[in-house]
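Engineer: Sequence first, then the predicted structure:
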Amino acid sequence: MTSEQQGSREFDVIVQGASGFTGTLVAEYLLRQYGADGDLRWALAGRSEKKLQEVRQNLGPAASDIELIVADSFDKAALKSLASRTRVVLTTVGPYALYGSDLVAACVDAGTHYCDLAGEVQWIRKMIDTHHDRARETGAKIVTCCGFDSVPMDIGVWFLQDAAHAKFGSYCTSISMLVKAAKGTASGGTLASMLNLIKESRADRNIARILVHPYSLNPEGEREGPDRRDQKSVVYRDDAKAWTAPFVMAGVNTKIVRRSHALAGYPYGRDFRYDESLMTGSGFTGWLKGTTVLLGLGALVLFASFSPTRKLLQRFVLAKPGEGPSREMQQKGFYNLLQIGVLPDGTLLFGRITGDQDPGYGSTSKMLSECAVCLAKDDLETGGGVWTPAAVMARPLIERLRANAGLVFELRD
């Protein structure tokens with residue numbers, strides 16, 4: 001599919017899952033940022049026309065002419081029609097391992113670009129193995145992990161390496177990303193995806209191996225390197241002067257960063273290393289907090305590994321898909337990420353990434369929206385394939401994130 005053929009399509013972006021919690025936030029953002037009758041042509045899609053009408057009505061009079069498209073996740077004919085009408089499909093319908101595969105296939109066949117919020121490593125690997133070559137033929141850019149996992153981290157590595165090369169003439173040989181502070185709640189969809197991921201890995205050891213292999217999302221034949229499994233204990237870091245604990249999202253973020261590097265042809269060298277963790281403070285208090293985090297994560301995985309306790313978690317403890325925090329909680333949320341890069345001579349380079357709303361909803365909906373607009377509107381040199389955010393749109397996307405989405409990427413002393 002050529003850019004000329006894509007340009008003749010009815011819409012630039014169709015938001016699939018617009019009646020869900022995050023989908024509604026995306027619709028609100030697109031209306032606020034781009035309007036309903038401006039340069040960006042967009043529509044709302046989902047399985048229920050009634051719910052879509054409610055979303056459009058709640059958006060106010062300015063949204064009255066936004067078109068609604070009914071398309072169920074399992075209706076292949078409807079998905080094919082949807083994909084053929086737009087340059088980009090933005091979807092918030094997860095868990096993607098349960099609801100996303102047919103939509104990706106429809107976009108690949110139609111030569112339509114695609115972005116989502118998937119953080120499901122086993123499913124992303126399946127999409128790579130199934131569709132990468134075909135997407136290269138049709139020109140479809142399939143981009144997963146376009147929310148808090150993994151845009152700040154993936155684009156953040158690109159930013160720090162770009163700054164390192166400009167300032168020192170060389171790239172960092174390793175980068176660590178530490179979550180310094182954050183306020184927000186995990187989305188119901190993210191939690192549902194985590195539970196399904198654990199369920200699938202318990203049933204299939206091949207999936208379990210994909211989840212723990214550091215390079216499982218790299219191109220075939222490129223799944224080796226210096227990194228080992230993600231941090232699983234409480235570790236003190238001299239460079240950060242703090243204790244660190246495992247970061248729950250490292251399991252997908254680190255693999256996305258490594259895939260970006262491989263797809264770019266290893267510009268930082270094949271010995272480049274990347275890791276993520278959660279800062280918990282200094283002294284005994286920091287160690288105790290890290291230990292508490294470690295035990296909490298272990299308990300969650302343990303309870304999610306068995307059907308009876310998993311059902312109890314779903315029913316009584318965890319947020320459900322479609323649920324989310326209040327507007328006030330979203331606005332009060334934030335995140336502050338610390339980057340520590342090591343140059344070839346041992347010099348440390350520090351970076352900071354911040355977001356102005358809670359990571360799981362407010363910031364994620366803005367990042368996903370800007371990824372879709374970037375795919376639809378910006379002149380991207382990369383052709384079709386199953387890509388990562390940094391591999392296909394790093395420079396134009398970071399400009400959009402800074403200008404519109406409340407993200408800051410900066411060097412610090």
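Structural biologist: Good, I have the coordinates. Bear in mind that the values here come from a model prediction, so they are computed numbers and not experimental data. Numbering: from 1, shown residues only.

Engineer: Run through the stretch 51-200 of the chain and note the low-pLDDT ranges.
Structural biologist: 186-189 (pLDDT under 70).

Engineer: now the helices for it?
Structural biologist: For the stretch 51-200 of the chain, the helices defined by DSSP state H, counting those that start in this stretch occupy 76-84, 96-99, 101-110, 121-138, 151-168, 188-203.

Engineer: Counting by contacts, list what the last one packs against.
Structural biologist: Which is helix 188-203. Secondary-structure packing of helix 188-203 (3 or more C-beta pairs under 8 Å, 6 or more residues apart in numbering; DSSP states H and E): helix 21-34, helix 96-99, helix 121-138, helix 205-212, helix 283-304, helix 307-312. (Each C-beta comes from the backbone N, C-alpha and C, glycine too.)

Engineer: please redo it, this time with the cut-off set to 6 Å
Structural biologist: For helix 188-203, the packing partners by 3 or more C-beta pairs under 6 Å, 6 or more residues apart in numbering; DSSP states H and E come out as helix 205-212.

Engineer: contact partners of whichever helix or strand comes after the helix it packs on?
Structural biologist: Following helix 205-212 in sequence order, the next helix or strand is strand 235-237 (DSSP states H and E). Applying C-beta atoms under 6 Å, 6 or more residues apart in numbering, the contact partners of strand 235-237 are 243-244.

Engineer: Tell me the helices and strands packed up against the helix or strand that strand 235-237 is followed by.
Structural biologist: Counting by DSSP H and E, the element after strand 235-237 in chain order, helix or strand, is strand 242-245. In terms of contacts (3+ C-beta pairs under 6 Å, 6+ apart), strand 242-245 is packed against strand 235-237, strand 273-281, helix 283-304.

Engineer: how far does the first one sit from the chain's center?
Structural biologist: Which is strand 235-237. Here strand 235-237 is found 27 Å from its chain centre; the criterion is C-alpha atoms, centre = their mean, to the nearest Å.

Engineer: do the last one as well
Structural biologist: For helix 283-304, the separation from the chain centroid amounts to 24 Å (computed by C-alpha atoms, centre = their mean).

Engineer: now for it, which elements pack on it?
Structural biologist: Secondary elements touching helix 283-304 (3+ C-beta pairs under 6 Å, 6+ apart): strand 242-245, strand 273-281.

Engineer: Flag every buried residue along the shortest one.
Structural biologist: Looking back up the chat, that one is strand 242-245. 242-245 (16 or more other C-beta atoms under 10 Å).

Engineer: Kindly reformat the helices and strands packed on strand 242-245 as JSON lines containing mean neighbour count and distance to Pro95.
Structural biologist: JSON lines is the format used below for these (neighbours: other C-beta atoms under 10 Å; distance: least, C-beta to C-beta, whole Å):
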{"stretch": "strand 235-237", "mean neighbour count": "13", "distance to Pro95": "31"}
{"stretch": "strand 273-281", "mean neighbour count": "22", "distance to Pro95": "22"}
{"stretch": "helix 283-304", "mean neighbour count": "15", "distance to Pro95": "13"}
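
Engineer: which of those has the lowest average pLDDT?
Structural biologist: Note on the helices and strands packed on strand 242-245: lowest mean pLDDT is at helix 283-304, with a mean of 90.

Engineer: right, and the helices of the stretch 51-200 of the chain - which one's nearest Ala262?
Structural biologist: Closest of those to Ala262 is helix 121-138, at 11.4 Å (criterion: C-beta to C-beta).

Engineer: so where's the stretch 201-350 of the chain uncertain?
Structural biologist: For the stretch 201-350 of the chain (pLDDT under 70), the answer is 313-314, 316-323.

Engineer: follow-up on the earlier one: TSV for the helices and strands packed on helix 283-304, including distance to Ala192?
Structural biologist: Converted to TSV, the helices and strands packed on helix 283-304 look like this (distance: least, C-beta to C-beta, whole Å):
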stretch	distance to Ala192
strand 242-245	24
strand 273-281	22
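
Engineer: Phi first, then psi, for Gly119.
Structural biologist: phi -130, psi 20 (degrees, to the nearest 10).

Engineer: just checking, it touches Val252?
Structural biologist: Yes: applying C-beta atoms under 6 Å, one finds Gly119 in contact with Val252, separated by 4.5 Å.

Engineer: which neighbours do the two share?
Structural biologist: In contact with both Gly119 and Val252: Asp149, using C-beta under 6 Å, 6+ apart.

Engineer: can you list the domains in the protein?
Structural biologist: Domain assignment for the chain, taken from automatic domain parsing, gives 3-148+362-405, 151-358.

Engineer: can you put those domains in JSON lines and add distance to Asp413?
Structural biologist: JSON lines is the format used below for these (distance: least, C-beta to C-beta, whole Å):
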{"stretch": "domain 3-148+362-405", "distance to Asp413": "20"}
{"stretch": "domain 151-358", "distance to Asp413": "7"}
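
Engineer: Which one of the ones you listed lies nearest to Arg412?
Structural biologist: Per C-beta to C-beta, nearest to Arg412 of the domains of the chain: domain 151-358, 4.9 Å.

Engineer: can you pull the contacts of Ala250?
Structural biologist: So Ala250 contacts 230, 276 (C-beta under 6 Å, 6+ apart).

Engineer: Would you quantify the distance from it to Leu297?
Structural biologist: Plainly put, Ala250 is 11 Å away from Leu297 if you go by C-beta to C-beta, to the nearest Å.

Engineer: Can you pull the residues that touch both of these two?
Structural biologist: Joint contacts of Ala250 and Leu297 (C-beta under 6 Å, 6+ apart) do not exist.

Engineer: now, which of the buried residues of strand 242-245 sits nearest Gln16?
Structural biologist: Once C-beta to C-beta is applied, the member of the buried residues of strand 242-245 that ends up nearest Gln16 is Ala245, at 35.6 Å.

Engineer: Next up, the contacts around the closest one.
Structural biologist: 234, 278, 280, 290, 293-294.

Engineer: I'd like these as a markdown table, with distance to Trp42 appended.
Structural biologist: Formatted as a markdown table, the contacts of Ala245 follow (distance: C-beta to C-beta, whole Å):
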| residue | distance to Trp42 |
| --- | --- |
| Val234 | 46 |
| Leu278 | 36 |
| Thr280 | 42 |
| Gly290 | 44 |
| Val293 | 40 |
| Leu294 | 43 |
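
Engineer: Relative to Asn404, which of the residues you listed is nearest.
Structural biologist: For the contacts of Ala245, the residue nearest Asn404 by C-beta to C-beta is Leu278; the value is 28.0 Å.

Engineer: That closest one: what's it in contact with?
Structural biologist: 179, 245, 247.
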